[in-house]
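*Asks:* The following block contains a protein sequence and its predicted model.
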2 protein chains.
Amino acid sequence: MSHTLGIRQAQKQKTRQALMDAALELLADQSLSSLGLREVTRAVGVAPTAFYRHFDSTADLGVALVEEALGSLHAVISRLLTATWDSDERIARTVELIADRVGSHPAHFRFIARERHGGVRAVREAIGAQLDLFTEEVRAAISQDPAAEGWSDDDLLMLAGLYVEHMVLTASALLTTAPEDVPRAMRLAERQLRLVSLGRRHWLD
Amino acid sequence: MSHTLGIRQAQKQKTRQALMDAALELLADQSLSSLGLREVTRAVGVAPTAFYRHFDSTADLGVALVEEALGSLHAVISRLLTATWDSDERIARTVELIADRVGSHPAHFRFIARERHGGVRAVREAIGAQLDLFTEEVRAAISQDPAAEGWSDDDLLMLAGLYVEHMVLTASALLTTAPEDVPRAMRLAERQLRLVSLGRRHWLD
DNA sequence: CATTCCAGAGAACAGCTGTTAACTGGATGA
DNA sequence: TCATCCAGTTAACAGCTGTTCTCTGGAATG
């Protein structure tokens, strides 16, 4: 599986990653639509023209960043969803997971929150597609639950959408929360999820 | 109350409004952090330097746009909240109101959704402050409701936050919905609100 | 070993940017 | 009527932008 790359390809990937890392850092206080290609190459210490060996444009780089930020999350989320905990435990674990990821990769989540409704269409769409994927995965998971008995597919999708949106919202809230207030923000997110779960339990009344 | 402005002040306000309108239009496919002052003045047909007679920077203009987009909404929301309808009716009216406003001022809502997590701190904060205001207003309104008996202030704020976030979410969803799918999106938003209301009703169980 | 390949460098391009300074001419107020 | 004010203009500044073409030197290939 793991084919050893030649020195040349390895170097190329290293430069590509350096460009993506630098871009992510520069995006801490600006939006993608104002990110210049020269700005990125300057930060890496590489000629402006080298950029074109890796990306067509900064928009293209943005799409690659979406994959980097959200691609690896599917596996983690799926594992969480298939575990069989009771409702409160699952809620706590979910919020913990989000807080952990936000804590270890803040720039990625900042990027996603910022560009989700941002000025670059291709990136917006890439993020939307990833979130739709998450929504479908969540829908599949909760449809297995005995509590989903009698639910229409449409209602399941509605609920899954609510969960996914809330995850994004929580991540973005945690980003703008001072470290000492993180526990409070986590408890807030948990209460909101608990309220939604209550609504879910009485949906068919 | 309505003091007649001199010709000079009237002209100044007219130019200022033209700058804001042009900016809003240009922001349809870019973020504020990439909006140039020359770009705006060019669109209006005015010298670049004239910009400084009205705003310090494009960020300053952005803050003014936040006020324009959300300032007038408080009165409308308050009126809606104090009306005494039953739960389902209120939900339907709320979603209708949002759909109406989004339909008549799409650029304003696009701007808010885009810059809520955008790259310009001052604008992010201005939007956050406005949303906090809405949250407090909603909290005050639902605390009057008999259903709020026994609720802690913290829980009321949590629920109000959920409602406000959902309004923003619905507005942004309606923006990216094709006209023929708007009714479907509205019904989806209503079902989500109904689920939250169910959770609310059973919160103290 | 000789050849091909290709990531990155270098230089140059037209055109854009925010900001300054000094100005004009019509509305304003005494 | 006449002096003052001030929204908008003109010109110029240094510095930035994306994109092109040409070149180079070390890795890959046979």
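*Replies:* Okay, I see it. Keep in mind the model is a prediction, meaning the values are calculated, not measured.

*Asks:* Where does chain A get nearest to DNA strand D, residue-wise?
*Replies:* Minimum separation of chain A from DNA strand D (C-beta to the nearest atom of the strand) falls at residue A:6, amounting to 2.1 Å. For glycine as for every other residue, the C-beta is placed from the backbone atoms N, C-alpha and C.

*Asks:* What about that residue, how many residues nearby?
*Replies:* 9 (other C-beta atoms under 10 Å in any protein chain shown).

*Asks:* Kindly state the pLDDT recorded for it?
*Replies:* Predicted confidence (pLDDT) at residue A:6: the value is 90.

*Asks:* Let me see the backbone angles for it.
*Replies:* The phi/psi pair for residue A:6 (degrees, to the nearest 10) reads phi -70, psi 160.

*Asks:* quick one: contacts for it?
*Replies:* Applying C-beta atoms under 8 Å, 6 or more residues apart in numbering or on different chains, one finds that residue A:6 lies in contact with no residue.

*Asks:* Could you break chain A into its assigned domains?
*Replies:* Each structural domain of chain A that the record assigns through automatic domain parsing is listed here as a residue range: A:7-55, A:68-201.

*Asks:* hmm, the last one touching DNA strand C?
*Replies:* No: in this structure, domain A:68-201 remains apart from DNA strand C according to C-beta under 7 Å from any atom of the strand; the gap is never smaller than 15.0 Å.

*Asks:* near DNA strand D, anything from that domain?
*Replies:* No: contact of domain A:68-201 with DNA strand D (C-beta under 7 Å from any atom of the strand) is absent, the minimum separation being 12.7 Å.

*Asks:* For that domain, measure first residue to last.
*Replies:* 36 Å (C-alpha to C-alpha, to the nearest Å).

*Asks:* where exactly do the helices run in chain A?
*Replies:* A:7-26, A:37-44, A:58-70, A:73-82, A:87-104, A:106-115, A:121-144, A:153-175, A:182-201 (DSSP state H).

*Asks:* wait, isn't residue A:201 in contact with residue A:147?
*Replies:* Yes: A contact is recorded between residue A:201 and residue A:147 when judged using C-beta atoms under 8 Å, the distance being 6.8 Å.

*Asks:* show me where pLDDT drops low in chain A?
*Replies:* For chain A, the stretches with pLDDT under 70 are A:1-3.

*Asks:* Spit out the contact partners of the most centrally placed residue in it.
*Replies:* Using C-alpha atoms, centre = their mean, the residue of chain A that lies closest to the mean C-alpha position is residue A:70, 4.3 Å off. Shown here is residue A:70, whose contacts under the criterion C-beta under 8 Å, 6+ apart are A:112, A:127, A:130, A:134.

*Asks:* Return the closest of the residues you listed with respect to residue B:119.
*Replies:* Nearest to residue B:119 out of those is residue A:112 (C-beta to C-beta; 13.7 Å).

*Asks:* so how many other residues sit close to the closest residue to the closest one other than its chain neighbours?
*Replies:* Using C-beta to C-beta, 6 or more residues apart in numbering or on different chains and skipping residues adjacent in sequence, the residue nearest residue A:112 is residue A:69, 5.4 Å away. The criterion is other C-beta under 10 Å. On that basis, residue A:69 has 21 neighbouring residues.

*Asks:* how close does residue A:69 sit to residue A:131?
*Replies:* When C-beta to C-beta, to the nearest Å is applied, the distance between residue A:69 and residue A:131 equals 12 Å.

*Asks:* Pull up the residues of chain A that are close to chain B.
*Replies:* When proximity is defined as C-beta under 8 Å from any C-beta of the partner chain, chain A approaches chain B at A:27, A:29-34, A:110, A:113-114, A:116-119, A:121, A:155, A:158-159, A:161-162, A:165, A:169, A:172, A:188, A:191-192, A:194-203, A:205.

*Asks:* Let's see the PyMOL selection covering just the buried ones among these.
*Replies:* Selecting just the buried residues from the residues of chain A next to chain B in PyMOL takes one command, with 16 or more other C-beta atoms under 10 Å in any protein chain shown as the test:
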select buried, chain A and resi 27+30+31+32+33+34+110+113+114+116+117+118+119+155+158+159+161+162+165+169+172+188+191+192+194+195+196+197+198+199+200+203
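
*Asks:* residue farthest from the centroid of chain A?
*Replies:* Relative to the mean C-alpha coordinate of chain A, counting by C-alpha atoms, centre = their mean, the farthest residue is residue A:205 (34.3 Å).

*Asks:* got the contact list for it?
*Replies:* Taking C-beta under 8 Å, 6+ apart as the contact definition, residue A:205 lies against residue B:198.

*Asks:* and what of residue A:39?
*Replies:* For residue A:39, the residues meeting the contact criterion (C-beta under 8 Å, 6+ apart) are residue A:26.

*Asks:* Turn the domains of chain A into JSON lines, including distance to residue B:83.
*Replies:* Formatted as JSON lines, the entries for the domains of chain A read as follows, by distance: least, C-beta to C-beta, whole Å:
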{"stretch": "domain A:7-55", "distance to residue B:83": "39"}
{"stretch": "domain A:68-201", "distance to residue B:83": "23"}
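
*Asks:* Can I get stretch A:154-162 in CSV, CA atoms only?
*Replies:* Taking C-alpha atoms only, stretch A:154-162 is exported to CSV below (Å, rounded to 0.1, in the frame of the first residue of the first chain):
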residue,chain,number,x,y,z
ASP,A,154,-37.6,13.1,5.6
ASP,A,155,-37.9,13.6,9.4
LEU,A,156,-34.7,11.6,10.0
LEU,A,157,-32.9,13.8,7.6
MET,A,158,-34.3,16.9,9.2
LEU,A,159,-33.0,15.8,12.6
ALA,A,160,-29.7,14.7,11.2
GLY,A,161,-29.3,18.2,9.7
LEU,A,162,-30.1,19.8,13.0
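
*Asks:* Can you pull out the residues in contact with that stretch?
*Replies:* Counting contacts by C-beta under 8 Å, 6+ apart, the residues outside stretch A:154-162 that touch it are A:135-136, A:138-139, A:142-143, A:148, A:151, A:196, A:200, A:203, B:188, B:191-192, B:195.

*Asks:* Show me the two of those residues that sit farthest apart.
*Replies:* By the measure C-beta to C-beta, these have their two most distant members at A:136 and A:203, which lie 19.8 Å apart.

*Asks:* Would you format the helices of chain A as a markdown table with distance to residue A:50 included?
*Replies:* Supplementary listing: the helices of chain A in a markdown table, determined by distance: least, C-beta to C-beta, whole Å:
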| stretch | distance to residue A:50 |
| --- | --- |
| helix A:7-26 | 7 |
| helix A:37-44 | 6 |
| helix A:58-70 | 13 |
| helix A:73-82 | 30 |
| helix A:87-104 | 29 |
| helix A:106-115 | 22 |
| helix A:121-144 | 22 |
| helix A:153-175 | 31 |
| helix A:182-201 | 39 |
